[in-house]
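Novice: sequence unavailable; structure follows:
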Ligand SMILES: [Zn+2]
Ligand SMILES: [Zn+2]
């Protein structure tokens, strides 16, 4: 006799099931079963993953769901009534059943959600074809009626369900939980109904965890889920009985009195034959102008692009490349894909949304360049198409796109409008329990004190798993080995680590489908108070289903570019076309050579600044190389790269054929594309084969690598390269290859680096104002950026009631930036808008009285007015301390005026001069120290002066200026002086205090670490 578990929960039951899919399937196999169902609560999040991985293991997967049934109607939301619901297990028999299940789950989430996603019997009847129903656990409707001693109704319900699913498709779910008196009653009732009505029984175990010893971990998971007190005897718990994946032998034994309940599991397995269609790409339809195919239309667009990009007579090399790319695209049927992407990219560009020049490998495509998807010439920069689309190994091409972060949603919206709101959605992602959080959560569930758990959690380095921590952190291991309580905590935590915890929206993924999505993928809201719609499958499942998935990324730096361009237009009256700036601009390279790269994309870090100063970049190639090299690993190649560029190190080649490929990077293989070219030019690989070689080296799969090595060396021998040289080349190239970086991506990102550097070099005030504005909510960053302004000779003026706008603004014709009002702490956007608007329509404020009489908004309260005063906004109208001293009077006056205005006497009031002059009592003027302290608090920095001004002479005599430190030999001891602007204390692993502080002098600031032995 054979048995199959047909009622099984995984961690996708979100805190109501323990096993991850791999664990579940491995254990199924271990127990010798060749089929299993997955029936998570209210969702099929795991369906595709389960299906795919089960097939890989030779296990027959049965997709299903334990649905929530509304008590009566799914539209009803009666408090204290509809917060309860029934369970019902559904299993998918065939394609129609899957489609119906997807509909049911989608409707449950989007229409029937009340505490849980619910459907009702009416809806079920509509979508029941192709599904098998099981009456579920004690929370099913029939068991509940049996327990309520309503046998007649229970029978009626059972017959009703049988009618809904059709005879032979509904089963009574019988479970063996001997410690539950209720289960005994229910089983008796179910057997009676089965006999009387001829409805078959089926044995399940409502699996929530795999092994009996996991029961307690499941219990902890439930405590985390419900937040219940672990000592509450009433709380929900499965601990009393065994809800593990019991071995088939045990199940058969448990039901030896009712063997048909076991046999029926096989009847169901035989009836369920649904198969996902995986790996087949389903592109949405792109509406092509009449009479043309997608391929023809794409070709037409490319030809238009040819003239724009290369003029009337493009070189043969370009035409050949275009023909080749188009033929590959045609062969694999991706023309619509390019058409879709170019359509929304061009829409964005037409609407002045700055789009990144490309990211990832798409930069290697000439077609993408011609239709405007990318903006780097792949031929000029030697970017390879095969790195993007390999005709010999078709996988979905990946076009990811960067947009200005604040306008990304407009593009997504355009796409939904164009292809239909039912065909476009964002993608779900699951937050999982990470090591630190899981320790804290488990501790709370066990009733441990917060501080105790926190201490243990803090021993886990960020991003490290519990197992790794156990290996690497001695203190963690010691506490585990010596402290009983901690051992229990950590053991549970290990079982719960990585379990899915909640759903949310993936940061950038968007799916575009050819058919309405709810035919293929269940949909839901990311959370109940978020109206957006996301797929219930995560990224990988979406890809496996062959749906078109794209990443729409929001990039802050593009917003800064966009803002700089509009400031240039506003201040200077001309447009700069960022896509057409020269790439050999001397001023830009000078800025890079000096390492003045604060705010420059990808080149900002201190390490990078240092390298740039040594490298002295003179051409765009240098920037591409730095973007590619400045990563852990290849970073060690930078010193060689620099000394070769400076001609301090000789460049030699193992073979003359390497020279043309590696010349650009001084003989150092930096890019994956170079590795591919070497394989082509020296070993006779096609570029497609070369791409396979590149992947083999990158993934370091030994077997694959050996085969590739042989092919590579043989190929070189055939090209008359002596065997010993061929060997040498392979061993020389291998480590580089594993470091090497996608040149297309590096070139695209280097373009943004160059663009930001260009803007900073030519339009420093506009650029820095845009940068400051984009970072206005980060007070520490603001002070760094203002330091940078000062270093480069840009003056940053304090906020001024008549000069400041909402954001940081450029003072025309002067090297000055004016503080934005919205960057003052505690000053909300309402009052800022009111001030700017009033000034625009009726002119500058002439006095504080004038201000009070003209600004009437409820946002002008004590806190906002005080902050404006303290930040020095009114300095030209009155003294800060006097205003503060009279603040109540000012506010009262403001309230009075507001009252008069709202009482309908506005017309009367408007005609009169405001002559009720507020009499300000005199006060001692604020001292410089006070003013500076206020500025630091509200603006994040000292602006009107600096507390160290009076000590300037002493500092110059006794200390090294912080800005000069980098010129000193790192081994030399130097003295610096300044004020501590921020301080952070941490406790080391040895329990000793350690300090991180920011020390600031008149020239710059620096982070200082104070080690425990000094304190
Ligand atoms: Zn249930
Ligand atoms: Zn269940």
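Specialist: Sure thing, it's come through. Keep in mind the model is a prediction, meaning the values are calculated, not measured. Ligands and ions are numbered 1, 2, ... in the order given.
Novice: run the contact check for the helix or strand hosting residue 193 versus ligand 1.
Specialist: Counting by DSSP states H and E, the element that carries residue 193 is helix 181-197. No - applying Cβ under 5 Å from the ion, one finds helix 181-197 separated from ligand 1 by no less than 12.2 Å. Heads up, the C-betas are built off the backbone N, CA and C, glycines and all.
Novice: and that helix, average pLDDT?
Specialist: pLDDT averaged over helix 181-197 equals 96, rounded to a whole number.
Novice: distance between the helix or strand that comes right after that helix and the chain's centre?
Specialist: The first helix or strand that comes after helix 181-197 along the chain, using DSSP H and E, is strand 201-204. In terms of Cα atoms, centre = their mean, to the nearest Å, the centre of strand 201-204 is found 43 Å from the chain centre.
Novice: stretch 721-732 now?
Specialist: With Cα atoms, centre = their mean, you get 43 Å for stretch 721-732.
Novice: what is the mean pLDDT for it?
Specialist: In the prediction, stretch 721-732 has an average pLDDT of 91.
Novice: got the contact list for it?
Specialist: Defining contact as Cβ atoms under 8 Å, 6 or more residues apart in numbering, one finds that stretch 721-732 is touched by 654-655, 657-658, 678, 682, 709, 712-713, 716-717.
Novice: which among those residues end up buried?
Specialist: 655, 657-658, 678, 682, 709, 712-713, 716 (16 or more other Cβ atoms under 10 Å).
Novice: if we can go back for a sec, pull out the buried positions in the helix holding residue 193.
Specialist: 183, 186-187, 189-191, 193-194.
Novice: show me the buried ones among the contacts of stretch 721-732 that map onto helices.
Specialist: 678, 682, 709, 712-713, 716 (DSSP state H).
Novice: which residue is nearest the centroid of this protein?
Specialist: With distances taken as Cα atoms, centre = their mean, the residue of the chain nearest its centroid is residue 507 (3.8 Å).
Novice: who does the helix or strand hosting that residue pair up with?
Specialist: Residue 507 is part of strand 500-512, with elements assigned from DSSP H and E. Counting by DSSP bridges, the strands paired with strand 500-512 are strand 424-432 (antiparallel), strand 548-555 (antiparallel).
Novice: which residues touch the shortest one?
Specialist: Residues outside strand 548-555 that contact it (Cβ under 8 Å, 6+ apart) are 281-284, 337, 340-341, 356, 359, 396, 399-406, 408, 411-412, 427, 507-513, 539, 542-543, 752.
Novice: ok, stretch 976-986 next?
Specialist: Stretch 976-986 has contacts (Cβ under 8 Å, 6+ apart) with 780, 783, 936, 947-948, 951, 954-955, 958-962, 965, 993-1001, 1005-1006.
Novice: please name the nearest non-neighbouring residue to whichever residue of the stretch 401-550 of the chain sits closest to ligand 1.
Specialist: The stretch 401-550 of the chain approaches ligand 1 most closely through residue 500 (18.6 Å), counting by Cβ to the ion. Distances taken as Cβ to Cβ, 6 or more residues apart in numbering put residue 430 closest to residue 500, at 4.2 Å, once the chain neighbours are dropped.
Novice: was I right about that neighbour contacting residue 45?
Specialist: Yes - counting by Cβ atoms under 8 Å, residue 45 is a contact partner of residue 430 at 7.3 Å.
Novice: before we move on, the earlier item: what is the nearest of the contacts of stretch 721-732 to residue 241?
Specialist: Nearest to residue 241 among these, counting by Cβ to Cβ, is residue 709 at 57.6 Å.
Novice: now do the same for the closest one: its pLDDT.
Specialist: Per-residue confidence at residue 709 stands at 90 (pLDDT).
Novice: which one is it nearest to, not counting chain neighbours?
Specialist: Leaving aside its sequence neighbours, residue 709 sits nearest to residue 730 (Cβ to Cβ, 6+ apart; 5.8 Å).
Novice: so the one you found is in which element?
Specialist: Going by DSSP H and E, residue 730 is in helix 723-739.
Novice: ok so, going back, neighbouring contacts of the helix or strand following the strand holding residue 507?
Specialist: Sequence-wise, the next helix or strand downstream of strand 500-512 (DSSP H and E) is strand 523-524. Strand 523-524 is contacted from outside by 43, 105-106, 109-110, 117, 425, 428, 503, 517, 533-536, using Cβ under 8 Å, 6+ apart.
Novice: give me the below-cutoff pLDDT ranges for the stretch 101-250 of the chain.
Specialist: For the stretch 101-250 of the chain, the stretches with pLDDT under 70 are 238.
Novice: can we see that at 50?
Specialist: The stretch 101-250 of the chain contains no residues with pLDDT under 50.
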